[in-house]
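Enquirer: The following block contains a protein sequence and its predicted model.
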Amino acid sequence: FNHDLLFSYSDFSRLVFPKPLIIETDALEIGKHSPQLFLEIKKVYSKYNMENNLKLIWFKGFHETVPQLVIPLLNSFVQSK
């Protein structure tokens with residue numbers, strides 16, 4: 001995600017809703033605004049009682065990924081369907 005996009009995060013979430021959406025972002029570089037933006041997206045999911053389909057992985061790091069957190073979460077979504 002890039003917070004300078006021409007559309008809002010809630011607009012993006014409406015494209016995915018009600019399917020599961022996992023946002024994985026760092027706390028030290030790009031994702032420093034993520035908690036606030038996540039709350040914006042959560043409003044869309046919460047409005048329809050679908051907040052279980054929305055997860056945030058906000059980790060202490062830079063522009064990288066954390067598969068040890070993402071893979072179990074992806075597996076949980078697949079197994080619950």
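Expert: Yep, that arrived.
Enquirer: Report the contact partners of residue 20.
Expert: Counting by C-beta atoms under 8 Å, 6 or more residues apart in numbering, residue 20 touches 53, 54, 55, 77. Quick note: C-beta positions are derived from backbone N, CA and C, even for glycine.
Enquirer: Now list the buried members of those residues.
Expert: For those, a neighbour count by 16 or more other C-beta atoms under 10 Å gives the buried set as 53, 54, 55.
Enquirer: Out of those, which sit inside strands?
Expert: 54, 55 (DSSP state E).
Enquirer: still on that earlier bit, identify the farthest-apart pair in the contacts of residue 20.
Expert: The most widely separated members of these, counting by C-beta to C-beta, are 54 and 77 (10.7 Å).
Enquirer: which strand residues sit across from the residue sitting nearest the centre point of the chain in the sheet?
Expert: Compute the mean C-alpha point of the chain, and by C-alpha atoms, centre = their mean the closest residue is residue 23, 2.3 Å away. Per DSSP bridges, the residues bridged to residue 23 are residue 56.
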